[in-house]
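In: okay, sequence plus prediction incoming.
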Amino acid sequence: MFRLSRKIERMRSIEVGRPSRSKRRRIVAIRPVDSVAVRCISVDSPNHLYLCGKGWIPTHNTEAGLCWLGYVIHQAPGPMLLVQPTVETAKRHSKQRIDPLIEISAVLKDLVKDPRSRDSGNTILGKEFPGGVLILTGANSAVGLRSMPIRYLFMDEIDGYPGDADGEGDPVALATQRTVTFANRKILMVSTPTIKGFSRIEAAYQESDRRRYWVPCPACQALQVLEWKQMRWPEGDREQAFYECIHCGFPIQDYQKGWMLAHGQWIAENPGGSKVAGFHLSSLYSPHGWTSWGDIALEHGQVYRDPSRLKVWVNTKLGETWEESAEQLDGEGLMARREMFGPLLPPGIVLLTAGVDVQDDRLELEIVGWGRDEESWSVAYWVLWGDPAGPAVWQDLENLLYRAYPHARQVSDLYVRAAAIDTGGHRSMEAYTFCRARQERRIWAIKGLGGMGKPIWPRRSSRNNKGRVPHFMVGVDAAKESIYSRLRLKEPGPGYCHFPLDRDAEWFRQLTAEKITTRYSKGRPIREWVKKSHERNEALDCRVYAMAALHGLMGMGLQLNKEADQREQYPLKEGVALPEVVVAAPKIIEPKKPKVIVPDKPRQSSWLGPLRDRWLDGRRK
């Protein structure tokens with residue numbers, strides 16, 4: 001809205017050197033578009049607006065909100081509040097999105113003073129302009145949510161809001177209450193949907209008039225909503241995906257979406273049933289040249305067998321909530337899946353991580369092998385008896401963490417590449433002391449952090465602890481959801497969990513000792529993990545910490561599938577055969593392996609000889 005004019009002015013013309021033929025998109029004209037969504041945000045509309053699905057990447061609902069923000073500053077000034085999930089994300093949003101918007105728009109730059117000037121009223125969390133002010137805050141700050149009356153309210157990513165803001169109630173309700181003094185108020189709520197029954201944006205959309213965008217078929221002209229179930233592709237070639245018309249069966253190609261979108265229309269499922277205007281759109285509507293149907297189908301082929309990754313795809317690409325499986329995990333059923341590993345690590349293992357649970361009288365440790373698409377193998381599990389207040393049990397742990405594991409392929413022995421050690425018990429100082437001296441070996445101090453929306457591995461560590469040691473707050477709920485969804489997989493492949501024959505029934509009972517329950521706090525449903533009565537859960541905790549260590553490596557740049565490609569270049573050792581796995585035929589066409597992620601065959605390196613891997617991992621013994 002504000003950037004196009006300036007961008008087209010900066011573009012080089014063909015006469016001064018820009019090539020006449022190019023595959024890159026460029027602006028050729030600026031035309032007003034009759035956008036229903038933007039019209040509803042405008043001040044003369046009687047409706048509130050709810051949008052569902054930041055996964056509709058092409059529609060950029062945050063960008064729509066920023067254009068609305070610019071319109072308010074320029075055309076209809078008034079007090080405005082922008083709410084992000086946390087205060088930190090609000091600061092980041094201000095620096096990365098709002099400041100550039102003001103800077104590159106001449107009309108906004110004249111209305112909002114330069115932040116470098118004295119008493120400019122332009123700060124990170126506050127932007128003053130003639131006739132109004134923009135305040136930014138986080139949903140975790142009750143003070144920010146009740147700071148002042150507001151006419152315009154923009155709530156971004158509401159499914160990521162906490163259930164309670166500093167003990168004062170639901171942050172959405174607190175922020176909405178700030179608008180009651182304005183009869184001409186306007187509220188915009190946008191979000192990526194999350195879990196069915198717990199999604200705020202889903203509930204808001206269901207209470208709205210529920211508008212969907214209907215587009216005509218190029219062949220029969222009949223209107224329809226684009227849905228994933230109508231996607232088709234040639235066998236083995238998802239990149240050539242097309243859309244089959246639900247009325248006439250005509251194969252619609254991706255390049256035809258431009259005409260379809262231009263002739264589409266919003267149709268409400270509940271017209272007149274609500275004063276709230278609600279819109280839903282998926283990435284299937286992305287204009288040609290942006291996210292294509294082939295891209296979406298290709299990504300689906302890579303994740304459809306891994307529930308934790310498929311969940312992200314459903315939320316972000318289809319803009320739909322994820323419905324958790326109601327199937328209960330059975331430890332005895334998992335025992336039936338045990339396999340014979342042998343003395344060598346299975347050929348599919350790329351690297352090893354460890355998870356350590358600290359108890360008052362022992363340490364428990366699991367070594368987990370990870371392969372392509374996070375397929376996992378439980379390599380070893382130990383219970384180290386001894387008082388963690390003394391050095392003996394920690395020495396036993398060190399010996400196991402530095403143990404070498406011979407591989408089935410002709411590569412150097414593998415060592416534990418990273419370990420996560422729990423510091424949340426009664427022996428925190430001893431755990432901190434152990435980790436402090438071994439940080440360069442990626443022996444990390446961690447502490448579990450419950451709650452929905454917490455990432456498995458944080459962006460940064462914290463030293464706010466008694467040992468003044470960098471420690472990481474691990475999102476244990478997200479890790480448990482991922483582990484339990486993978487334990488339900490029946491076929492080896494992405495995300496599947498392998499277990500050796502020496503795991504007993506007690507270990508499997510501990511692995512499945514928790515379940516998700518729903519409780520209500522101030523009217524909001526809250527999901528939480530609880531232990532079944534009288535059950536121990538150390539095996540589950542160790543697996544959570546081992547997964548956290550893997551995600552810590554990914555945060556440092558690990559590309560697991562790329563390393564798997566490189567490892568598969570090496571032959572098996574003499575006498576070793578690949579495991580014979582019988583996989584049931586999938587219900588959808590097998591995806592074509594994308595060429596873009598297949599690296600070249602690695603150059604054989606001889607530097608450092610057989611010690612190369614150990615030197616790269618920091619083991620110089």
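Out: Ah, there it is.
In: from now on I want contacts and neighbour counts done on CA atoms only, so please keep to that.
Out: OK.
In: any idea which helix or strand in this protein has the lowest mean pLDDT?
Out: Every helix and strand of the chain was ranked by mean pLDDT, DSSP states H and E. The lowest is helix 612-616, at a mean of 44.
In: okay, buried residues for stretch 244-261 please.
Out: Residues 244, 245, 246, 251, 252, 253, 254, 257, 260, 261 are the ones in stretch 244-261 that count as buried (16 or more other CA atoms under 10 Å).
In: just checking, the second one touches residue 217?
Out: Yes. With contacts counted by CA atoms under 8 Å, residue 245 reaches residue 217, the gap being 6.5 Å.
In: what touches both of these two?
Out: Shared contacts of residue 245 and residue 217, defined by CA atoms under 8 Å, 6 or more residues apart in numbering, are found at residue 252.
In: okay, now the domains of this structure?
Out: 35-210+269-281, 349-573 (automatic domain parsing).
In: out of those domains, which gets nearest to residue 300?
Out: domain 349-573 (12.6 Å; CA to CA).
In: could you work out the end-to-end span of that closest one for me?
Out: Domain 349-573 has an end-to-end distance of 14 Å (criterion: CA to CA, to the nearest Å).
In: tell me the buried residues in the lengthiest helix in the chain?
Out: For the chain, the longest helix by residue count, based on DSSP state H, is helix 538-555. For helix 538-555, the neighbour count (16+ other CA under 10 Å) marks 538-553 as buried.
In: could you do stretch 211-231 as well?
Out: 211-218, 223-226, 231.
In: with stretch 291-302 instead?
Out: Going by neighbour count (16+ other CA under 10 Å), the buried part of stretch 291-302 is 291, 292, 293, 294, 296, 297, 298, 299, 300, 301, 302.
In: show me those residues that map onto helices.
Out: Using DSSP H, the buried residues of stretch 291-302 in helices are 293, 294, 296, 297, 298, 299, 300, 301, 302.
In: ignoring the adjacent residues along the chain, who's closest to the first one?
Out: What sits nearest to residue 293 in space, not counting adjacent residues and going by CA to CA, 6 or more residues apart in numbering, is residue 241, at 5.8 Å.
In: OK, contacts around the residue lying closest to residue 404 once chain neighbours are set aside?
Out: If you skip the residues right next to it in sequence, residue 404 has residue 415 as its closest partner in space, 5.1 Å away by CA to CA, 6+ apart. Shown in contact with residue 415 (CA under 8 Å, 6+ apart): 351, 352, 401, 402, 403, 404, 405, 614.
In: cool, and residue 513?
Out: Contact analysis of residue 513 by CA under 8 Å, 6+ apart lists 531, 532, 535, 536, 537, 540.
In: max pairwise distance over those residues: which two?
Out: Put simply, by CA to CA the two of the contacts of residue 513 set farthest apart are 532 and 540, 12.7 Å from each other.
In: low-scoring stretches of this protein, by residue?
Out: For the chain, the stretches flagged by pLDDT under 70 are 1-60, 116-120, 325-328, 465-467, 520-524, 577-621.
In: in a markdown table: the contacts of residue 513, plus distance to residue 103.
Out: Conversion of the contacts of residue 513 to a markdown table gives the following (distance: CA to CA, whole Å):
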| residue | distance to residue 103 |
| --- | --- |
| 531 | 53 |
| 532 | 56 |
| 535 | 59 |
| 536 | 57 |
| 537 | 54 |
| 540 | 50 |
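In: let me know the closest of the buried residues of helix 538-555 to residue 316.
Out: Nearest to residue 316 among these: residue 551, at 20.6 Å, using CA to CA.
In: correct me if wrong: the closest one contacts residue 459.
Out: No. Here residue 551 does not reach residue 459: they are 10.7 Å apart, not a contact under CA under 8 Å.
In: follow-up on the earlier one: and the contacts of the longest helix of the chain?
Out: Contact with helix 538-555 is made by 353-357, 364-368, 418-422, 444, 456-457, 459, 474, 476, 479-480, 483, 507-508, 510-513, 560, as judged by CA under 8 Å, 6+ apart.
In: is it possible to mark the buried ones in those?
Out: For the contacts of helix 538-555, buried by 16+ other CA under 10 Å: 353-357, 364-368, 418-422, 444, 456-457, 474, 476, 479-480, 483, 507-508, 510-513, 560.
In: so which of these belong to helices?
Out: Counting by DSSP H, the buried ones among the contacts of helix 538-555 contribute 476, 479, 480, 483, 507, 508, 510, 511, 560 to helices.
In: wait, which of those residues is closest to residue 265?
Out: residue 479 (41.3 Å).
In: show me the contacts for the closest one.
Out: Residue 479 makes contact with 456, 544, 547, 548, according to CA under 8 Å, 6+ apart.
In: try 10 Å this time
Out: Shown in contact with residue 479 (CA atoms under 10 Å, 6 or more residues apart in numbering): 308, 454-457, 485, 541, 543-548, 551.
In: which stretches of the stretch 51-200 of the chain form strands?
Out: For the stretch 51-200 of the chain, applying DSSP state E, counting those that start in this stretch gives strands covering 79-84, 126-129, 132-138, 152-156, 186-190.
In: actually the stretch 251-400 of the chain, sorry about that
Out: Taking DSSP E, counting those that start in this stretch, the strands of the stretch 251-400 of the chain run over residues 251-252, 265-268, 276-280, 351-358, 362-370, 376-385.
In: before we move on, the earlier item: from the buried residues of stretch 244-261, pick the one nearest residue 66.
Out: For the buried residues of stretch 244-261, the minimum distance to residue 66 (CA to CA) is 22.7 Å, reached by residue 261.
In: what comes into contact with stretch 244-264?
Out: Stretch 244-264 has contacts (CA under 10 Å, 6+ apart) with 33, 213-227, 229-233, 240-243, 284-289, 291-294.
In: what about it, how long is it end to end?
Out: End-to-end for stretch 244-264, by CA to CA: 17 Å.
In: for that stretch, what is the distance to the chain centroid?
Out: Distance, stretch centre to chain centre, for stretch 244-264: 30 Å (CA atoms, centre = their mean, to the nearest Å).
In: hang on, the earlier thing: reformat the domains of the chain as CSV; add distance to residue 320.
Out: CSV is the format used below for the domains of the chain (distance: least, CA to CA, whole Å):
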stretch, distance to residue 320
domain 35-210+269-281, 6
domain 349-573, 17
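In: of those, which is nearest residue 312?
Out: Taking CA to CA, domain 35-210+269-281 is the member of the domains of the chain nearest to residue 312, at 8.5 Å.
In: returning to that earlier point: including distance to residue 429, could the buried residues of stretch 244-261 go into a markdown table?
Out: Listed next are the buried residues of stretch 244-261 as a markdown table, based on distance: CA to CA, whole Å:
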| residue | distance to residue 429 |
| --- | --- |
| 244 | 62 |
| 245 | 64 |
| 246 | 64 |
| 251 | 65 |
| 252 | 63 |
| 253 | 62 |
| 254 | 59 |
| 257 | 61 |
| 260 | 63 |
| 261 | 61 |
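In: make JSON lines out of the strands of the stretch 51-200 of the chain and add distance to residue 517 and mean neighbour count.
Out: What follows is the strands of the stretch 51-200 of the chain, written out as JSON lines (distance: least, CA to CA, whole Å; neighbours: other CA atoms under 10 Å):
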{"stretch": "strand 79-84", "distance to residue 517": "27", "mean neighbour count": "25"}
{"stretch": "strand 126-129", "distance to residue 517": "40", "mean neighbour count": "20"}
{"stretch": "strand 132-138", "distance to residue 517": "27", "mean neighbour count": "22"}
{"stretch": "strand 152-156", "distance to residue 517": "27", "mean neighbour count": "24"}
{"stretch": "strand 186-190", "distance to residue 517": "27", "mean neighbour count": "23"}
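In: turn the ones you listed into a markdown table, including distance to residue 330.
Out: Output for the strands of the stretch 51-200 of the chain, formatted as a markdown table (distance: least, CA to CA, whole Å):
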| stretch | distance to residue 330 |
| --- | --- |
| strand 79-84 | 40 |
| strand 126-129 | 53 |
| strand 132-138 | 41 |
| strand 152-156 | 39 |
| strand 186-190 | 39 |
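In: nearest to residue 469, of the ones you listed?
Out: Closest to residue 469 of these, according to CA to CA: strand 132-138, at 28.3 Å.
In: report the contact partners of the most centrally placed residue in the chain.
Out: For the chain, residue 312 is the residue whose C-alpha lies nearest the centre (CA atoms, centre = their mean; 6.1 Å). Residues near residue 312 by CA under 10 Å, 6+ apart: 55, 192, 193, 194, 303, 318, 319, 320, 321, 322.
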